[in-house]
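after the sequence you'll find the predicted model.
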Amino acid sequence: MSTIAFIGLGRMGVPMAAHLVAAGHTVRGVEINPAAADAARAHGIEVVDSVAAALAGADACLTSLPKPEHVSAVYGGDDGIFAHAEASTVLMDTSTVDVETSRWCHSEAEARGLTFVDAPISGGTAGAEAGTLTFMLGGAPDDVARAAEIVDPMAGNVIACGEAGAGIAAKLVNNMMLFIGVMAMSEGSQLAEQLGLDAKTFWDVARVSSGDSWPLRTWYPVPGVLEKSAANNNFDPTFSVDLARKDCGLAVQAGDTTGVNLPAARLALAQLDELIDEGLGGKDCTLVAKLASPDGTLRGYDPALDRTLEGTRA
């Protein structure tokens, strides 16, 4: 069994690392949020105070961080991963970042004689908890093969996407399609409501018909249809608006760089920005369904219960 460093033990990182522990690996983690650190300890993860302590003698290191700037800082800082990793340690970033940041990680690792694989994931918190995430790996074939063995306990699918940066490129395109799909599901759910259709009955129809999609099967934004839908919990986040906006923005940025026209992605981005402008960046991204509602209200969402609006009301 291996010793694995895990940097970033949040909503995704804790269940992912827990699967590694269950598979018999020793996991040493770093997390600055005290509640998340406590949750990690409860799953058998050894929480340490520094990246250096996590990396000491580690066979592998995984990072799960919110934004590109966090990845750059954790890898490139004076006390970061590049400063303390050993040549034998395979480094894997599961975060969603821009292609340029991922390629920077590859080039900086290579310059230091280190091994790096971009290893973004798809499947959300439900996939992290179930151990069914899809890993999209980019890097040299031998390095990708090593990474695939490490991530296997957390994965339902492990796909070698190509050379350096191919994994993150695949992730950005995939998530762009996801947010366009969320928009379609949201509009469909509200039209079905206004036409008087029973929500579960319509979901049963769409699930086995041409309207089917991953967000429809996983995140349907009407309460009482899917147990883990955010609609059952006042749209508290499983995948926040802020993070969705970050990912969708990176995809639109890639479109600008490559010259690809992305009108649907730009509309999805505009809707996420509208929610952020309303102070709802901390809510679930499926709250975009309220933008399709005739009067802006949404079954399953009560602003009076929304702690994120307390400062606005004060």
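Here it is on my side, so go on. Numbering: from 1, shown residues only.

could you measure the residue nearest the centre of the chain against residue 175, distance?
In the chain, the centroid-proximal residue (C-alpha atoms, centre = their mean) is residue 124; its distance is 5.7 Å. Note on residue 124: its distance to residue 175, by C-beta to C-beta, to the nearest Å, is 11 Å. To be clear about C-beta, it is placed using only N, CA and C from the backbone, and glycine gets the same treatment.

who touches both of those two?
When contacts are counted by C-beta atoms under 8 Å, 6 or more residues apart in numbering, residue 124 and residue 175 have no shared neighbour.

sorry, back to before: tell me the contacts of the residue nearest to the centre of the chain?
Taking C-beta under 8 Å, 6+ apart, one finds 218, 238-239 in contact with residue 124.

cutoff 10 Å now
Shown in contact with residue 124 (C-beta atoms under 10 Å, 6 or more residues apart in numbering): 11-12, 130, 133, 178, 214-215, 218-219, 228, 238-239.

pLDDT score for it?
Per-residue pLDDT puts residue 124 at 87.

residue 157 sits in which helix or strand?
Assigned by DSSP states H and E, residue 157 belongs to strand 155-162.

how far is that strand from where the chain is centred?
16 Å (C-alpha atoms, centre = their mean, to the nearest Å).

the stretch 1-150 of the chain: helices as residue ranges?
13-22, 34-42, 51-55, 68-76, 81-84, 99-111, 124-130, 141-151 (DSSP state H, counting those that start in this stretch).

what's the angle from the top helix by length along the chain to helix 99-111?
Assignment by DSSP state H gives helix 166-194 as the longest helix of the chain. Using axes from the mean of the first three to the mean of the last three C-alpha atoms, to 10 degrees, the direction of helix 166-194 lies 150 degrees away from that of helix 99-111.

in the helix or strand just after helix 166-194, which residues are buried?
As assigned by DSSP H and E, the chain's next helix or strand after helix 166-194 is helix 199-207. Judged by neighbour count using 16 or more other C-beta atoms under 10 Å, the buried positions of helix 199-207 are 199, 202-203, 206.

now stretch 230-238
Buried residues in stretch 230-238 (16+ other C-beta under 10 Å): 230-231, 234-238.

can you lay out these as CSV showing pLDDT and distance to residue 276?
CSV is the format used below for the buried residues of stretch 230-238 (pLDDT from 0 to 100; distance: C-beta to C-beta, whole Å):
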residue, pLDDT, distance to residue 276
230, 97, 17
231, 98, 20
234, 98, 18
235, 98, 14
236, 96, 16
237, 93, 13
238, 90, 17
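
which of those sits closest to residue 4?
residue 238 (25.3 Å; C-beta to C-beta).

buried deepest among the helices of the stretch 1-150 of the chain, which one?
helix 13-22 (a mean of 23; mean count of other C-beta atoms under 10 Å).

same for it, what does it pack against?
strand 3-7, strand 26-30, helix 34-42, strand 60-63, helix 124-130, strand 133-138, helix 141-151 (3 or more C-beta pairs under 10 Å, 6 or more residues apart in numbering; DSSP states H and E).
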